[in-house]
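*Asks:* how would this look folded up:
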Amino acid sequence: PRKGENNSMDSSTLFGIATMAYILAMIIYIVYLAFKKPQIGIVATTLTVIGFVTQTFAILFRWKEFYEVGRMGILRAAPFTNLYESLVFFVWCLILGYLIIEFKYKNRSFGAFITPIAGLALAFIDLTGVDKDIHPLVPALQSNWLLAHVVMSFIAYSTFALAFGTALMYLILKTEKRTEPSYIFWTVTMGIFIVVLGAMG
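*Replies:* Residues are numbered from 1 along each chain as shown. Purely as a prediction, here's the structure:
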């Protein structure tokens, strides 16, 4: 039990570092979008990569701890069994998809619309007090299909989030008049989202 606690602290610390890296990257990406300075963009990308690598190690630590606690096969010990782990994996998939797009198309402006989703998702965990403890799998989840099911599901969710960020960027950058219905709709929607998130906190 003591060993598990130490591993848990290690993974929690790494998740915390990743969260801070993503939030800082979000701020710097927005500054980059405003001033278009290449040096600012490089700093934002570097922070995002640091956050992604840190989060990857955190997930691996969590996987190891789950394996030691549950004493199950390595596939059944995948740490994707509760809301906390699912949100963490969603953010990991989201940032992986974003980094692939950034390095492929050499466009950092997109980061100003994706990193806020990652930062808010991770901040949601702390704001709402989501349970971070490891619990034994219920019988319904004790299957080798768990890993495949969760991975495919959250790849799909993160792809949807990327599409959402792309659409939002397009509407903001291409809208000439602030009175257009699409601009008003998305402005109100984002405002409601921020208010609800604050109220949940």
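
*Asks:* what's the helix or strand for the most centrally placed residue in the chain?
*Replies:* Among the residues of the chain, the one closest to the centroid is residue 91, at 1.9 Å (Cα atoms, centre = their mean). In the assignment (DSSP states H and E), residue 91 maps to helix 83-105.

*Asks:* who touches that helix?
*Replies:* Identification of contacts with helix 83-105 by Cβ atoms under 8 Å, 6 or more residues apart in numbering yields 15, 22, 45, 48-49, 51-52, 55-56, 58-59, 62, 79-80, 107-108, 110-111, 114-115, 117-118, 121-122, 124-125, 130-132, 150, 154-155, 157-159, 161-162. No exception for glycine: its C-beta is placed from N, CA and C like everyone else's.

*Asks:* in strands, which of those residues fall?
*Replies:* In strands, judged by DSSP state E, none of the contacts of helix 83-105 are found.

*Asks:* what about the residues you listed, which are in helices?
*Replies:* With DSSP state H as the criterion, helices contain 15, 22, 45, 48-49, 51-52, 55-56, 58-59, 62, 111, 114-115, 117-118, 121-122, 124-125, 150, 154-155, 157-159, 161-162 from among the contacts of helix 83-105.

*Asks:* and residue 92, how many neighbours?
*Replies:* Per other Cβ atoms under 10 Å, the neighbour tally for residue 92 reads 20.

*Asks:* now do the host helix or strand of residue 168: distance to the chain's middle.
*Replies:* Using DSSP H and E, residue 168 sits within helix 145-174. Centroid separation between helix 145-174 and its chain, computed with Cα atoms, centre = their mean, to the nearest Å, is 11 Å.

*Asks:* buried among the ones in helices among the contacts of helix 83-105? Need that as a selection in ChimeraX.
*Replies:* Buried residues within the ones in helices among the contacts of helix 83-105, by 16 or more other Cβ atoms under 10 Å, are selected in ChimeraX with:
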select :15,22,45,48,49,51,52,55,58,59,62,111,114,115,117,118,121,122,125,150,154,155,158,161,162
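
*Asks:* excluding chain neighbours, what is closest to the residue nearest to the centre of the chain?
*Replies:* Closest residue to residue 91 apart from its sequence neighbours, by Cβ to Cβ, 6 or more residues apart in numbering: residue 118 at 4.7 Å.

*Asks:* any idea how far residue 37 is from the one you found?
*Replies:* 22 Å (Cβ to Cβ, to the nearest Å).

*Asks:* and if you look at residue 90?
*Replies:* For residue 90, the distance to residue 37 equals 31 Å [Cβ to Cβ].
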